[in-house]
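Q: Test case, fold it:
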Amino acid sequence: MRFFRKKEEDSNAKVKAKADFEKCATLDDSHLSTVFRTRIALRARTHLDKAFLLGAKMELKYQADAKTALKAGKPLPERQTQDGYQVLKTSNGAIISYANPELVQKISDLGGKYQKADLNVAQVFQEADDIAKQLQVLLKTDSRIQLLGLLRSEETAEDTEGAPDEARD
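A: Alright, predicted model coming up:
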């Protein structure tokens with residue numbers, strides 16, 4: 001019986017996650033509304049960052065499966081897609097997050113393009129910034145959302161390592 005309750009709890013959590021995301025567009029400009037929007041924006045940012053990484057992994061798997069299919073003379077496999085839901089780990093346990101499925105697919109495709117080296121880092125950051133702006137509009141938040149923070153920090157660290165000692169001071 002626990003199995004069926006778990007599915008029902010997940011379904012309820014998905015409904016609530018989507019409702020919270022959509023609620024942001026209807027809120028006023030009060031302090032509590034700003035706090036709520038910020039919390040949902042942070043969840044969505046984490047969600048989209050995970051979707052980027054998952055998109056890169058899905059592309060890697062697709063390339064391997066396509067290579068195997070071609071060698072075997074079989075048709076190419078279909079590409080996987082992501083929906084608008086993601087499980088996020090927090091300090092209070094796991095939660096289900098929702099983000100607009102179109103944005104999730106855009107950032108997932110961006111991860112795939114980065115994996116294939118179709119785009120350089122600057123192009124990836126530009127496209128991620130465009131997606132972040134779309135997210136800000138959907139959530140009606142004034143807070144700046146910056147996606148791919150981990151990749152940006154790695155890029156900054158590499159730039160610092162390659163700089164002459166005088167430039168680092």
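Q: In this protein, what residue spans correspond to strands?
A: 85-90, 93-98 (DSSP state E).
Q: In CSV, list those strands along with mean pLDDT and mean neighbour count.
A: Bear in mind the C-beta positions are built from the backbone N, C-alpha and C, glycine included. Below are the strands of the chain laid out as CSV (pLDDT from 0 to 100; neighbours: other C-beta atoms under 10 Å):
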stretch, mean pLDDT, mean neighbour count
strand 85-90, 92, 14
strand 93-98, 93, 17
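Q: Out of those, which gets nearest to residue 150?
A: When those are ranked by distance to residue 150, counting by C-beta to C-beta, first place goes to strand 85-90 at 14.8 Å.
Q: Direction included, what does that closest one pair up with?
A: Strand 85-90 pairs in its sheet with strand 93-98 (antiparallel), by DSSP bridges.
Q: can you give me how far the strand it pairs with is from the chain middle?
A: 13 Å (C-alpha atoms, centre = their mean, to the nearest Å).
Q: what do you get for stretch 92-106?
A: That offset, for stretch 92-106, works out to 7 Å (C-alpha atoms, centre = their mean).
Q: CA atoms only for it, dumped as PDB, please.
A: Output of stretch 92-106 as PDB, limited to C-alpha atoms (Å, rounded to 0.1, in the frame of the first residue of the first chain):
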ATOM      1  CA  ASN A  92      15.200  19.900   4.500                       C
ATOM      2  CA  GLY A  93      15.000  16.800   2.200                       C
ATOM      3  CA  ALA A  94      14.000  16.300  -1.400                       C
ATOM      4  CA  ILE A  95      11.400  18.500  -3.100                       C
ATOM      5  CA  ILE A  96       9.800  18.400  -6.500                       C
ATOM      6  CA  SER A  97      10.500  21.500  -8.500                       C
ATOM      7  CA  TYR A  98       8.700  22.800 -11.600                       C
ATOM      8  CA  ALA A  99       9.900  25.000 -14.400                       C
ATOM      9  CA  ASN A 100       8.400  25.900 -17.700                       C
ATOM     10  CA  PRO A 101       8.900  22.900 -20.000                       C
ATOM     11  CA  GLU A 102      10.000  25.000 -22.900                       C
ATOM     12  CA  LEU A 103      12.800  26.600 -20.900                       C
ATOM     13  CA  VAL A 104      13.800  23.200 -19.500                       C
ATOM     14  CA  GLN A 105      14.000  21.800 -23.000                       C
ATOM     15  CA  LYS A 106      16.000  24.900 -24.200                       C
END
